[in-house]
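In: Kindly return the folded structure for what I paste below:
(one chain, ligands or ions: 1)
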Amino acid sequence: MKLELRSLQAAYGKVQVLWDVSLSVEEGQFVALIGANGAGKTTTLRAVSGLMPLKGGRILLQGQDISRMPSAQRVQQGLGHVPEGRQLFPGMTVLENLELGAQVRTASWQVKDQTLGTVFDLFPRLAERQGQLSGTLSGGEQQMVAIGRAMMALPRVLLVDEPSLGLSPLLTGVVFKALKEINKQGVGVLLVEQNVRQSLQLADQAYVLENGQVVREGSGQALLEDPEVQRAYLAF
Ligand code: ATP
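Out: Presented below is the predicted three-dimensional model:
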């Protein structure tokens, strides 16, 4: 399923933070969106999933304009969002949090059980801990639940915001590997990351956001080799 952002503009009150964000996630593509703190990466993902109103521009999912569609409906159309900070319900168990992700889809219990199986294959740790309260999980385990919860709605395109935040290099590797696996299963991924080198290594295509505008794009490899990107984001 193709996702297209065309000249997105968005503002918090009078302060405009997105000026011109255009990018595409082709069917099954892994796309990284990088940029400095405050560039507008989180705002972009929030706009795409309908948590932030647009001031201008259009969002197309498989050619359909979803710019004004309510969030829940976008999820039903195949758009998943793993938000920054995970946003789990800490007083609910791992299993309950995962099941919540399936609520928006009117799938049968059979499909839900099957999807749960896929999530547990991806993160065996969650299968072991399904009865544990989410608030007592480690940061890495919470990130696994957040990704698993989004997967329960059977997304065709997944927006992932800073999954490595606060994680050890080891767990960051586990999470990135899972995202690559999800992508291999045909799900398009739009990944926002501070961890620029690793996300560019994973990405088919990448975009650089500066002050609410896309200023550069290319394959992950091309941006890794781009002297400007190296100077600004890879600290050579
Ligand atoms: P980071 O990597 O630091 O999360 P980012 O690229 O994701 O940065 P955003 O979080 O999208 O950037 O923020 C873009 C701009 O919008 C920043 O200047 C930020 O201060 C501002 N901003 C974000 N959220 C709000 C809000 N709720 N109200 C007002 N301004 C906001």
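In: Enumerate the residues of the protein near the ligand.
Out: Residues of the chain lying close to the ligand (C-beta under 6 Å from any ligand atom) are 12, 15, 17, 35, 37-43. To be clear about C-beta, it is placed using only N, CA and C from the backbone, and glycine gets the same treatment.
In: at 5 Å what do you get?
Out: Taking C-beta under 5 Å from any ligand atom, the part of the chain that reaches the ligand is made up of 12, 17, 37-43.
In: what about stretch 127-143, average pLDDT?
Out: Average pLDDT, stretch 127-143: 94.
In: And that stretch, what's buried?
Out: Residues 129, 133-134, 137, 140-143 are the ones in stretch 127-143 that count as buried (16 or more other C-beta atoms under 10 Å).
In: same check, this time on stretch 203-212
Out: 203-209, 212.
In: Tell me which residues are up against it.
Out: Residues outside stretch 203-212 that contact it (C-beta atoms under 8 Å, 6 or more residues apart in numbering): 16-21, 23-24, 26, 29-36, 39-41, 43-44, 191, 199-200, 214-220, 223, 229, 233.
In: how far out from the middle of the chain is it?
Out: In terms of C-alpha atoms, centre = their mean, to the nearest Å, the gap separating the centre of stretch 203-212 from the centre of its chain is 14 Å.
In: Point out where the chain drops to low pLDDT.
Out: Applying pLDDT under 70 to the chain picks out residues 106-107, 236.
In: What separates the first and last residues of stretch 153-164, distance-wise?
Out: Its first and final residues considered, stretch 153-164 spans 22 Å by C-alpha to C-alpha, to the nearest Å.
In: can you check stretch 198-211 too?
Out: 23 Å.
In: OK, contacts around the residue most central in space within the chain?
Out: For the chain, the residue nearest the mean C-alpha position is Val160 (1.5 Å; C-alpha atoms, centre = their mean). Contact analysis of Val160 by C-beta under 8 Å, 6+ apart lists 82, 147, 179, 189-192.
In: Could you do Asp226 as well?
Out: So Asp226 contacts 216, 218 (C-beta under 8 Å, 6+ apart).
In: Please apply the same query to Met69.
Out: Counting by C-beta under 8 Å, 6+ apart, Met69 has contacts 50, 77.
In: Work out for me the element it sits within.
Out: Assigned by DSSP states H and E, Met69 belongs to neither a helix nor a strand.
In: any idea where the strands of this structure begin and end?
Out: Ranges of strands in the chain, per DSSP state E, are 3-12, 15-25, 30-35, 56-61, 64-65, 79-82, 157-161, 188-192, 205-210, 213-219.
In: name the helices or strands packed onto the fourth one?
Out: Contact partners of strand 56-61 among helices and strands, from 3 or more C-beta pairs under 8 Å, 6 or more residues apart in numbering; DSSP states H and E: strand 3-12, strand 15-25.
In: ok, and the closest non-adjacent residue to Gly188?
Out: Spatial nearest neighbour of Gly188, excluding adjacent residues (C-beta to C-beta, 6 or more residues apart in numbering): Val157 at 4.1 Å.
In: Enumerate the beta-bridge partners assigned to the one you found.
Out: Leu79, Gly188 (DSSP bridges).
In: tell me, how many neighbours does Leu61 end up with?
Out: 21 (other C-beta atoms under 10 Å).
In: Please look at it and Val25 and confirm they touch.
Out: No: contact criterion C-beta atoms under 8 Å: Leu61 and Val25 do not qualify, at 9.8 Å.
In: which neighbours do the two share?
Out: 2-4, 157.
In: Any chance of CSV for those residues, columns neighbour count?
Out: Formatted as CSV, those follow (neighbours: other C-beta atoms under 10 Å):
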residue, neighbour count
Lys2, 16
Leu3, 24
Glu4, 16
Val157, 25
